[in-house]
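Colleague: no letters, just coordinates:
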């Protein structure tokens, strides 16, 4: 998977996954996909894509324009 890495036990982070990436995640025991995109940021439904692979889905929208470094 492109730009996909483990950041802690049981927690991984990566770029927008392909269908194959999602299937690989499921095979490796990942159970939930968390989407940080705002509504309308993706052309297709990430919820439908993740759930079609048999995983749970959560959306925690993050407005990247309002992020700051402290």
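Modeller: On my side now, so go ahead. Given the structure is predicted, the values throughout are model-derived calculations rather than measurements.
Colleague: every contact and neighbour count from this point should use C-alpha atoms.
Modeller: Noted.
Colleague: now do the longest helix along the chain: which elements does it pack against?
Modeller: As assigned by DSSP state H, the longest helix anywhere in the chain is helix 19-27. Helix 19-27 is packed against no helix or strand, with contacts defined by 3 or more Cα pairs under 8 Å, 6 or more residues apart in numbering; DSSP states H and E.
Colleague: next structured bit after that helix?
Modeller: Beyond helix 19-27 on the C-terminal side, the first helix or strand identified by DSSP states H and E is strand 32-35.
Colleague: parallel or antiparallel, which strands does that next one pair with?
Modeller: Sheet pairing of strand 32-35 (DSSP bridges) gives strand 56-59 (parallel).
Colleague: next, the buried residues of the partner strand.
Modeller: residue 57 (16 or more other Cα atoms under 10 Å).
Colleague: pLDDT averaged over it, what's the number?
Modeller: The predicted model assigns strand 56-59 a mean pLDDT of 96.
Colleague: swap in stretch 22-30?
Modeller: 92.
Colleague: which outside residues touch it?
Modeller: Here stretch 22-30 makes contact (Cα atoms under 8 Å, 6 or more residues apart in numbering) with 10, 31, 50, 53, 54, 55.
Colleague: redo that, cut-off 6 Å
Modeller: With contact meaning Cα atoms under 6 Å, 6 or more residues apart in numbering, stretch 22-30 is reached by residue 53.
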